[in-house]
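Engineer: give me a 3D structure for the following:
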Amino acid sequence: MFDNICKFIAENFSDDLATWLLGSPLPLTVLDPTELQLDPIRADSLIFLQSEELILHTEFQTDPDSKIPFRMLDYRIRVYRRHPQKQMRQVVIYLRRSDSPLVQENTFRLGETFHSFQVIRLWEENTPQFFHHPGLLPFAILSNTDDPEQVLSLVSRSLETIPEKQVQSNLAAATSILAGLVLNRETIKKILRSDIMRESVIYQDILEEGREEGEEKGLQKGKEEKARQIALKMLSAGFPIAEIAQFTDLSPDAIEQLQRQQHN
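Structural biologist: Just a heads-up that it's a prediction; the model follows:
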């Protein structure tokens, strides 16, 4: 879910992403991975944005992945095959703090083959930069801070200054979900207004998924586990327990137990 939230931000606030990663608000449009002739290795966290001269390949990773270096090389070759005239910037952005040496790797080596790419560990990034552009606000909570609760409060105030209500709502929902990587759900709910998030497309997508699950209850094997997964997503998005119970058919007690497990 975290990867998908980042993909939503990158595709809907590409100018802000370009300013952060490329140094200027270069106009970018989405490049469908299917244009690269081969099937995507992992489409959920894969984002291609392109301009006339450059392709920005970004992958958001919640946790370390040993396959990242080869994936970067593989996609560089795919892009060259399809767009040999374009430059390419490749950036892997790790969301959750980790001491694994995998999050330090920014090269792939195989015999005489060598490929390098950029790696950003959000917990090492300076916090103020994410307040300069609205599309970057959800990342501020994961940046280099000793007080993520205070940062979330500052993000909340910044969100309230955004005049477009739909943009405000979408970014609030994205912030709420990403904040779950560093703060407990009760703290997030106290700081971020749930009424703003209810109008977001992110919230509505999760709600629709829960609605579909509710309509299919009892019709397939493994439904309870699926319902649990839906409930966890809805808890992360700040849905009240009564509403989750309505759409998943789980009891309030079962949902409260999931909530406790989520906080541990």
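Engineer: remind me which residues of the stretch 51-200 of the chain are low pLDDT?
Structural biologist: Where the stretch 51-200 of the chain drops to pLDDT under 70, the residues are 195-196, 198-200.
Engineer: which SS class is residue 119?
Structural biologist: When classified by DSSP: H, G, I helix; E, B strand; the rest coil, residue 119 comes out as strand.
Engineer: the closest residue to it other than its chain neighbours - how many residues pack around it?
Structural biologist: The shortest distance from residue 119 to any non-neighbouring residue, by CB to CB, 6 or more residues apart in numbering, is to residue 106 (4.5 Å). Where C-beta positions appear, they are placed from N, C-alpha and C, glycine not excepted. Per other CB atoms under 10 Å, the neighbour tally for residue 106 reads 17.
Engineer: so residue 106 versus residue 120, what's the distance?
Structural biologist: Distance, residue 106 to residue 120, using CB to CB, to the nearest Å: 10 Å.
Engineer: overlap in contacts of those two?
Structural biologist: By CB atoms under 8 Å, 6 or more residues apart in numbering, residue 106 and residue 120 have these common neighbours: residue 92.
Engineer: circling back to that earlier point, distance of the residue nearest to residue 119 from residue 25?
Structural biologist: In this view, residue 106 and residue 25 are 25 Å apart by CB to CB.
Engineer: ok, residue 143 next?
Structural biologist: In this view, residue 143 and residue 25 are 21 Å apart by CB to CB.
Engineer: who has more neighbours, these two?
Structural biologist: Neighbours per residue (other CB under 10 Å) separate residue 143 from residue 25, with residue 143 holding more: 19 against 14.
Engineer: show the contacting residues for the more buried one.
Structural biologist: Residue 143 is in contact with 122-123, 125-127, 130, 151, counting by CB under 8 Å, 6+ apart.
Engineer: could you report the neighbour count for residue 225?
Structural biologist: 9.
Engineer: average model confidence for whichever strand or helix holds it?
Structural biologist: Using DSSP states H and E, residue 225 falls within helix 223-236. Helix 223-236 shows a mean pLDDT of 80.
Engineer: circling back: now, the contacts of residue 143 that are in helices?
Structural biologist: Within these, residues falling in helices by DSSP state H are residue 151.
Engineer: how about residues contacting stretch 22-34?
Structural biologist: Applying CB under 8 Å, 6+ apart, the contact partners of stretch 22-34 are 11, 14-19, 40, 43, 46-51, 54-56, 89.
Engineer: of those residues, just the buried ones, PyMOL syntax please.
Structural biologist: To isolate the buried members of the contacts of stretch 22-34 in PyMOL, using 16 or more other CB atoms under 10 Å:
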select buried, resi 14+16+17+18+19+46+47+48+49+50+51+54+55+56
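Engineer: which parts of the helix or strand residue 246 falls within are buried?
Structural biologist: Assigned by DSSP H and E, residue 246 belongs to helix 241-248. For helix 241-248, a neighbour-count test (16+ other CB under 10 Å) marks 241, 244-245, 247-248 as buried.
Engineer: what is that helix packed up against?
Structural biologist: Applying 3 or more CB pairs under 8 Å, 6 or more residues apart in numbering; DSSP states H and E, one finds that helix 241-248 contacts helix 201-215, helix 223-236, helix 252-263.
Engineer: off-centre distance for the second one?
Structural biologist: On the basis of CA atoms, centre = their mean, to the nearest Å, helix 223-236 is displaced by 18 Å from the centre of the chain it belongs to.
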